[in-house]
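Visitor: sharing a model that was predicted from the sequence below.
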Amino acid sequence: MVALMHPFAPRWLRIVLLFVSLAALAQEIIGITPEQVAKLAAQFGPVAKTRLTGWREILTNPKYRKLPEEEKLRLVNDFMNLTQFIGDLKHWGKEDYWATPIEFLSTDAGDCEDYSIAKYFTLRALGVPDEKLRITYVKELVVYNEPHMVLAYFPTPDAEPVVLDNINPTIRPASQRTDLLPVYSFNGSGLWLAKEQTGRGQSVGGSDRIGHWRDLQARLRSAM
C-alpha cells in the first residue's frame with residue numbers, strides 16, 4: 001500500500017512526475033509480441049503466458065478498441081482484478097516498488113498502485129483519452145483504514161467519475177464509494193488536489209518536470 005503523506009512531500013512529486021513521462025508509453029505497450037510473451041513465459045511460467053496472452057489480445061484485437069468506453073472499463077477492470085494482491089515487500093523485497101504492467105502480469109501479483117497503473121495504460125492504449133482518466137490517491141476508511149490507490153474515469157468534463165478498484169471490483173460512481181476519501185489525483189497531463197468526493201479537484205499545474213520515472217520507463221521498454 002502507498003504511504004499517505006502531505007501532498008507536497010517530495011515523494012508525492014516523484015509519483016506524479018513518473019506518470020507524466022510514462023503516459024507517452026501507452027501506445028508502445030500495444031507492441032508486445034508473441035515472441036516477447038514466450039520469452040517472459042519461459043522466465044515466469046505458464047501463468048505469465050496466460051495473463052500476457054490475454055492482455056495482448058485485449059490490446060491488439062480491433063474489436064476491443066471499437067467497444068464503447070463503458071465496456072472498455074469493465075473489460076480492463078475485470079481482467080486486471082484477476083491478478084492476486086501481494087504487497088511490495090513480500091513480492092519484490094523492497095518498499096514502494098512501482099511495477100510495470102508487464103511485470104504485474106508476468107508475476108501475476110501486485111498491490112494497489114500496480115492495478116491502477118496497468119488499468120490506466122491499458123485503457124490509454126485502447127484509445128480512452130488521458131483527460132478522462134485519473135490515478136487517484138485515497139484513504140480507504142472501512143476495511144483497511146489506510147492509503148489506497150484507484151483509477152477514476154470521467155465520462156465528460158463535468159461528470160461525476162466512476163471508480164475502478166481492486167478492493168471493490170464493481171465499478172461505481174464516486175458518490176457511492178463513501179469508503180474512500182480522495183487526497184489527490186493525476187494523469188499524464190496534470191495534477192489535482194481533491195476538494196470533494198466526486199469532483200475533479202483543484203488544479204495545481206502541469207506535470208512537466210522529471211522525477212523517478214526513468215527506472216520504470218527503462219523496465220517497461222526493456223520488456224517489450
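Guide: Done, it's in.

Visitor: by mean pLDDT, point me to the weakest helix or strand of this structure.
Guide: Between all helices and strands in the chain, the lowest mean by mean pLDDT, DSSP states H and E belongs to helix 10-22, at a mean of 53.

Visitor: and the next helix or strand after it, what does it pack onto?
Guide: With elements assigned by DSSP states H and E, the helix or strand that comes after helix 10-22 is helix 34-44. Helices and strands touching helix 34-44, by 3 or more C-beta pairs under 8 Å, 6 or more residues apart in numbering; DSSP states H and E, are helix 46-60, helix 101-106. Glycine gets a C-beta too; all of them are placed from N, C-alpha and C.

Visitor: residue 39: neighbour count?
Guide: 13 (other C-beta atoms under 10 Å).

Visitor: same check on residue 42?
Guide: Applying other C-beta under 10 Å, we find 10 residues neighbouring residue 42.

Visitor: what do you get for residue 45?
Guide: Residues near residue 45, counting by other C-beta under 10 Å: 13.

Visitor: average pLDDT for stretch 74-82?
Guide: Mean per-residue pLDDT for stretch 74-82: 99.

Visitor: show me the helices in this protein, by range?
Guide: For the chain, the helices defined by DSSP state H cover 10-22, 34-44, 46-60, 62-65, 69-80, 88-92, 101-106, 112-125, 214-222.

Visitor: any chance of TSV for the ones you listed, columns distance to residue 193?
Guide: Below are those laid out as TSV (distance: least, C-beta to C-beta, whole Å):
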stretch	distance to residue 193
helix 10-22	10
helix 34-44	38
helix 46-60	33
helix 62-65	33
helix 69-80	25
helix 88-92	25
helix 101-106	27
helix 112-125	18
helix 214-222	24
